[in-house]
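Participant: below is the structure, and that's it, no one-letter string:
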C-alpha cells in the first residue's frame, strides 16, 4: 500500500519499492520467500536468507525487479498453509510469474496441524 487519494492515512514518505529483507538476497545464492515479515525475520535469524512482500503475493509491477534480484539463485517459496489455501495460491502465482522470467522457484508446503488454527488456537475451543 502507498499513499494516495483513497489512502491518505498512509504517509506519502512510505514506498513499497523495497522488499523486506532484500539486502539478504545480495549476500547468498539461495533465498527463501515468505508471506509474512515475522517468518522472514525468523529465517534470517537462523541464517536462512529470506525476503517478504509482507503479504501472500508480490505486486505485478514487482516481478521484473524480483527476477533480477533472484537471477542465478535457488529460490524457495514458503507461505503460510491455511484452510483457505491463500498462502498456497499466492506461492503458486509467484512461482509461475518467476518461471515466466526464467527463475525456477520451489514451493515448500508446511504441514498444517489438524487441531490448530492459525490465529485462534485449538479447533476444539473455537
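Facilitator: Perfect, thanks for sending it. Because the structure is predicted, anything quoted here is derived from the model rather than measured.

Participant: the strands in the chain, which residues?
Facilitator: In the chain, the segments counted as strands under DSSP state E are 30-34, 50-51, 74-78, 105-107, 116-117, 121-122.

Participant: mind giving me TSV with the ones you listed and columns for distance to residue 67, mean pLDDT and mean neighbour count?
Facilitator: Bear in mind the C-beta positions are built from the backbone N, C-alpha and C, glycine included. Putting the strands of the chain into TSV (distance: least, Cβ to Cβ, whole Å; pLDDT from 0 to 100; neighbours: other Cβ atoms under 10 Å) gives the following:
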stretch	distance to residue 67	mean pLDDT	mean neighbour count
strand 30-34	12	96	23
strand 50-51	13	96	26
strand 74-78	10	96	20
strand 105-107	10	97	16
strand 116-117	35	62	12
strand 121-122	39	54	10
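
Participant: closest one to residue 21 among the ones you listed?
Facilitator: strand 50-51 (4.3 Å; Cβ to Cβ).

Participant: note down every partner strand of the closest one and its orientation.
Facilitator: strand 30-34 (parallel) (DSSP bridges).

Participant: so how far is the partner strand off the chain centroid?
Facilitator: In this view, strand 30-34 has its centroid 8 Å away from the chain centroid, taken as Cα atoms, centre = their mean, to the nearest Å.

Participant: cool, stretch 106-115 as well?
Facilitator: Counting by Cα atoms, centre = their mean, stretch 106-115 comes out at 15 Å from the chain centroid.

Participant: got the contact list for that stretch?
Facilitator: For stretch 106-115, the surrounding residues in contact (Cβ atoms under 8 Å, 6 or more residues apart in numbering) are 32, 74-83, 88, 91-92, 95, 122-124.

Participant: all good on my end, thank you.
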